[in-house]
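Next comes the sequence, and after it the predicted model I'd like to discuss.
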Amino acid sequence: MLLLQQIINGVMLGSSYSLIAIGYTLVFGVLHLIHLAHGEVFMVGAFVALQVVLLMGGGVGVAIPAAAVASAVLGVLIYLAAVKPIMARKGHFLAPMISTIGVGLVLQELATRMFGGEQVGFPVQMESHVWHLGGLTITSVQVVILAVSLGLMLALHLFVTLTRVGMAMRATAESMVISHTLGIRSDRIIILTFAIASALAGVAGVLVGMSFNSISPYMGVDMGIKGLAAMLLGGLGNVYGAMIGGLVIGIVEVISVGYLSSSYRDAFAFFVIIAVLLFRPRGIFGSTAHVEG
Amino acid sequence: MLDPYIESILIFSGINVILALSLYLPVSAGLLSLGQGGFMAIGAYVSGYMTSVLGWPFAVALIAGGVSAGIVGLLVGLPSLRIKGVYLIIMTMGFGEIVRVFFLNFEPTGAASGMGGIPTETTLPIVVGVTVLVLLMCFQIRGSRIGRALEAVREDELAAEVIGINLTRIKVAIFGLGAAVAGIGGGLFAHYATFIDPGQFGFQRSAEIFIMVVLGGMGNFLGATVGALVVTILPEVLRVGDMQEWRMTFFGVLLVIIMIVRPMGLIGVRR
């Protein structure tokens, strides 16, 4: 029973990692870029939601859309200002990634300046119900987190498989040159991809803020690396891999805290990364196509 | 006597040059690392523990710090044979975080509250001496058989292997050497700062070292040196108002601009 409870808690935590990992993987899919400011986009989403709720009041229903919109705008701005100009110049293949490190540093520093370096409470509360099912305890916050993240993942799945724009996104990820020849405006698709990826990260920011009840300007680095771990685990560029990868990392983390030691919890995700890279560099669902990267 | 303020800038310049060179070494074989802060932490903690708790002489502790970081580097370098490019970068990032979390929980070195009471042993002549030695080593490596092998590996691994270069040996060796140099840099840092905590060696530190090398140009070791000097001295020159506080913002923006305007760095060779 304890194990089952741990797994449920792990899924709650992991669903936020999944949302971040999906963002990484979408961007990697179309541009072959590791977007290292993605964790900071997540952090900014959480802070914007906090500010909006403090100013306007309202609960989760206000916080989540606010974070999604703010993060999407930020993500598109990052692409236009710090990625596109570099891609256009065809320098070293890692140059765009290095530039996103720069963006991440700026965002983290600006957030520290504006909101202070301390952890702040996250007052997006809602009526708190606690259900007891047998020996299991489930809170209403957990239900909301799970519903929102699974709902978004389902929506994304429907979007990329059923709509024309979603198909264009997949085609661009497959081959930008060919899809361009076929009349897909790849630049718009890339912007859309950044917007979706960043919006998901922003929502994840609110969800993480709700579950830990605190946010800080430095949380982006940590979550960013865990999201990367989840993406690697699933395989670069694979959306479903990222979903599963996030859940696996969440469960591994919670179980390792439960049975081993809580103080090393942040290191487990990184052990997972290293193990994956050693034994199966392409990830669970990945193809070998990107491994040469 | 030298003004203490100038002296501290010179000491930090030297330490940063050593750290930048520690990243330049693996980069010269095409192995990018975003985890040099982790190796620096190992060197800093090992040497700091030896001088402050065990009472060993500084020189021995410094070398021991470098050697232990080097050994860890060899262990981390082994998997680097299997992975390249972005994968290696992510793995080294993960490694850097593991080291930070480890020291955050390691009681003998003070865990999260840090380790104080490290004697001030790092003086300007020592830093200059070590920097010159490391520079000399990079210069010697470049002209040597190993240096040419490294260049071949960086340009085309397959071709390098075909002409008889042992990829395994050269990649692991250069990664370990870089880690050892970072460890020595960390030891020097610890004995100048006299207080170290895990937060000083996190992702920001690794990114800063990365910035120095990218800024100067990844093509040669003079680039890394110039990059380190610019990163250390520029904020001091620009010390107007609270410019110092905005350091990371400034470097973040600088990094983006350099990638747009001069992707090969200040002293870069276009390849």
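Structure's in. What do you need?

Contact residues of the stretch 51-200 of chain B facing chain A?
Within the stretch 51-200 of chain B, the positions near chain A by C-beta under 8 Å from any C-beta of the partner chain are B:79, B:82-87, B:89-91, B:93-95, B:97-98, B:101-102, B:104-105. Glycine gets a C-beta too; all of them are placed from N, C-alpha and C.

quick one: which of these sit in helices?
B:85-87, B:89-91, B:93-95, B:97-98, B:101-102, B:104-105 (DSSP state H).

three-state assignment of A:Leu33?
State at A:Leu33, reduced to three classes by DSSP: H, G, I helix; E, B strand; the rest coil: coil.

How many residues are close by it?
The number of residues packed near A:Leu33 is 23, by other C-beta atoms under 10 Å in any protein chain shown.

could you pull out the strands for the chain?
The chain I'm using is chain A. Using DSSP state E, the strands assigned to chain A run over residues A:120-121, A:130-133, A:136-139, A:214-215.

Could you pull out the helices in the stretch 51-200 of chain A for me?
Using DSSP state H, counting those that start in this stretch, the helices of the stretch 51-200 of chain A run over A:60-78, A:84-89, A:95-115, A:140-162, A:164-174, A:176-181, A:186-212.

where does the stretch 151-293 of chain A have low pLDDT?
A:261-263, A:281, A:283-293 (pLDDT under 70).

rerun that using 90 as the cut-off
A:152-153, A:155-190, A:205-246, A:248-293 (pLDDT under 90).

which other helices and strands contact the host helix or strand of B:Ala64?
Here B:Ala64, judged by DSSP states H and E, is contained in helix B:58-77. Counting contacts by 3 or more C-beta pairs under 8 Å, 6 or more residues apart in numbering or on different chains; DSSP states H and E, helix B:58-77 is packed against helix B:36-49, helix B:85-105, helix B:167-193.

Mean neighbour count and mean pLDDT for the ones you listed - can I get that in CSV?
Listed next are those as CSV, based on neighbours: other C-beta atoms under 10 Å in any protein chain shown; pLDDT from 0 to 100:
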stretch, mean neighbour count, mean pLDDT
helix B:36-49, 31, 90
helix B:85-105, 24, 82
helix B:167-193, 25, 89
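
what separates B:Val60 from B:Met137, distance-wise?
As judged by C-beta to C-beta, to the nearest Å, B:Val60 and B:Met137 stand 20 Å apart.

I'd assumed B:Ile98 was in contact with A:Phe270.
Yes - if you go by C-beta atoms under 8 Å, A:Phe270 and B:Ile98 touch, sitting 4.8 Å apart.

what's the pLDDT at residue 137?
No chain was given, so I picked chain A. We have a pLDDT of 76 for A:Thr137.

Chain B, not that one
On the pLDDT scale, B:Met137 gets 88.

Would you mind naming what in the stretch 51-200 of chain A lies close to chain B?
A:81-82, A:85-86, A:89, A:91-99, A:101-110.

again, only using 6 Å
Contact residues, the stretch 51-200 of chain A versus chain B (C-beta under 6 Å from any C-beta of the partner chain): A:82, A:85-86, A:91-92, A:95, A:98-99, A:101-102, A:105-106, A:109.

Make a markdown table from those residues and add neighbour count and pLDDT to it.
Listed next are these as a markdown table, based on neighbours: other C-beta under 10 Å; pLDDT from 0 to 100:
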| residue | neighbour count | pLDDT |
| --- | --- | --- |
| A:Ala82 | 26 | 84 |
| A:Pro85 | 16 | 84 |
| A:Ile86 | 22 | 83 |
| A:Gly91 | 19 | 67 |
| A:His92 | 18 | 71 |
| A:Ala95 | 20 | 80 |
| A:Ile98 | 27 | 82 |
| A:Ser99 | 30 | 86 |
| A:Ile101 | 26 | 85 |
| A:Gly102 | 26 | 86 |
| A:Leu105 | 28 | 85 |
| A:Val106 | 24 | 88 |
| A:Glu109 | 21 | 85 |
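
nearest to A:Gly246, of those residues?
Minimum separation from A:Gly246 among those (C-beta to C-beta) is found for A:Ile101, which lies at 22.6 Å.

still on that earlier bit, got the helices and strands packed on helix B:58-77 as JSON lines, with distance to A:Leu55 columns?
Formatted as JSON lines, those follow (distance: least, C-beta to C-beta, whole Å):
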{"stretch": "helix B:36-49", "distance to A:Leu55": "38"}
{"stretch": "helix B:85-105", "distance to A:Leu55": "35"}
{"stretch": "helix B:167-193", "distance to A:Leu55": "42"}
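
so which of the ones you listed comes closest to A:Ala204?
helix B:85-105 (19.1 Å).

Which strands or helices does the closest one pack on?
If you count contacts as 3 or more C-beta pairs under 6 Å, 6 or more residues apart in numbering or on different chains; DSSP states H and E, helix B:85-105 packs onto helix A:265-279, helix B:36-49.

can you list those in JSON lines and add distance to A:Gly59?
Shown next, in JSON lines, are the helices and strands packed on helix B:85-105 (distance: least, C-beta to C-beta, whole Å):
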{"stretch": "helix A:265-279", "distance to A:Gly59": "29"}
{"stretch": "helix B:36-49", "distance to A:Gly59": "40"}
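
out of the ones you listed, which comes closest to A:Arg164?
Closest among the helices and strands packed on helix B:85-105, using C-beta to C-beta: helix A:265-279, at 34.7 Å.

which of the residues in the closest one are buried?
A:Asp266, A:Ala267, A:Phe268, A:Ala269, A:Phe270, A:Val272, A:Ile273, A:Ile274, A:Val276, A:Leu277 (16 or more other C-beta atoms under 10 Å in any protein chain shown).

repeat for stretch A:16-23
Quick answer for stretch A:16-23 (16+ other C-beta under 10 Å): A:Ser16, A:Tyr17, A:Ser18, A:Leu19, A:Ile20, A:Ala21, A:Ile22, A:Gly23.

need the contact list for the nearest residue to A:Ile190 once chain neighbours are set aside.
Counting by C-beta to C-beta, 6 or more residues apart in numbering or on different chains, A:Val30 is the residue found nearest to A:Ile190 once chain neighbours are left out, at 5.5 Å. A:Val30 makes contacts with A:Thr172, A:Ala173, A:Ile190, A:Thr193, as judged by C-beta atoms under 6 Å, 6 or more residues apart in numbering or on different chains.

Thanks again, I'm all set now.
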